[in-house]
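Q: Build me a model from this:
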Amino acid sequence: MEIVRFDNVTRVYKSGEHELKALDNVSFTLDEGKFVVILGPSGAGKSTLLNLLGGLDSPTGGTIVVNGRDISTLSDNELADYRAASVGFVFQFYNLIPTLTVYENVELVSQIAPDALDAENMIAQVGLSDHLHNFPSELSGGEQQRISIARALAKNPKILLCDEPTGALDSETGVMVLKLLLSMTKNYGKTIVIVTHNQSIAKMADTIIRVKNGKIREIINQDNPLSADEVEW
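A: From the prediction side, this is the model:
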């Protein structure tokens, strides 16, 4: 079932008399419950695409439909509601609040998300129940990233957007995080969208979208993607 549709989406940034076309008439669809990798070099337009899908930015032209709703013309307040209800975010750097415990960092989303899930259960899902009362500084980088995933999932989002989620991790910890993300598609039906320049991660994807110079260069649907254990890192 289709959950995302981009139709002729363009995003132009202006600085004085200069214009940068970060996305140029981009069109694609994504199905629900898939593991999607957006692949391309720096400056290709990957993060712009992710920001538009996440409601962090609005297109200059074209339409973006998510779960049957056109988000391309929403006001700032409507986009804030959309982000709270429908989208989870995982970034390269974990953005945990240092003065809050692990539990408090995850439980915080219940104040903004209308259908938030139980924080303690989500922390258990990422295997860190024994760290409920620790502060972020007491965790390793991989543990902090797993908590950021628990926080994103606690919002009970339709879509989980990940911008280089393993970029600050060693390869072993990165594989652990990717296994966790894969399990969210298989066990919970979440649509996971990862932006990366890492070709190895693409081997695990149901759908690969290659972006270059603001354009879609290729869309590949893989019938039998590799597991994290099968990928050569």
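Q: For T185, which non-adjacent residue is closest in space?
A: Using CB to CB, 6 or more residues apart in numbering and skipping residues adjacent in sequence, the residue nearest T185 is F35, 4.8 Å away. All C-beta spots, glycine's among them, are computed from the backbone N, C-alpha and C.
Q: Tell me the bridge partners for the one you found.
A: Bridge pairing for F35 (DSSP bridges) gives the partners I192.
Q: Hmm, it is touching I208, no?
A: No - between F35 and I208 there is no contact under CB atoms under 8 Å: 10.0 Å.
Q: Do a quick rundown of the helices in the protein.
A: 46-53, 76-86, 102-107, 119-125, 141-154, 171-188, 199-202 (DSSP state H).
Q: Same list (these) but as TSV, adding mean pLDDT and mean neighbour count.
A: Shown next, in TSV, are those (pLDDT from 0 to 100; neighbours: other CB atoms under 10 Å):
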stretch	mean pLDDT	mean neighbour count
helix 46-53	94	22
helix 76-86	90	15
helix 102-107	96	23
helix 119-125	90	19
helix 141-154	89	24
helix 171-188	82	17
helix 199-202	89	19
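Q: So which of those helices is nearest D24?
A: Closest approach to D24 among these (CB to CB): helix 46-53, 10.6 Å.
Q: so what's F135 up against?
A: Residues near F135 by CB atoms under 8 Å, 6 or more residues apart in numbering: 98-102.
Q: same check, this time on I216
A: I216 neighbours (CB under 8 Å, 6+ apart): 26-28, 209-210.
Q: Dig out what the residue positioned nearest the centre of the chain forms beta bridges with.
A: Closest to where the C-alpha atoms of the chain average out (CA atoms, centre = their mean) is L161, at 1.1 Å. Beta-bridge pairing of L161 under DSSP bridges involves F89, V193.
Q: any low-confidence regions in this protein?
A: Scanning the chain for pLDDT under 70 picks out the ranges 233.
Q: I'd like to know how far the residue lying farthest from the centre of it sits from G189.
A: Distance from the C-alpha centroid of the chain peaks at E17, with 32.9 Å (CA atoms, centre = their mean). Distance, E17 to G189, using CB to CB, to the nearest Å: 47 Å.
Q: now swap in F28 and tell me
A: 20 Å.
Q: Kindly report the same for R69.
A: Distance from R69 to G189, by CB to CB: 19 Å.
Q: go on, H18?
A: Taking CB to CB, one finds H18 at 43 Å from G189.
Q: Compare neighbour counts for these two and give me the winner.
A: Taking neighbours as other CB atoms under 10 Å, H18 and G189 compare with G189 leading, 11 against 7.
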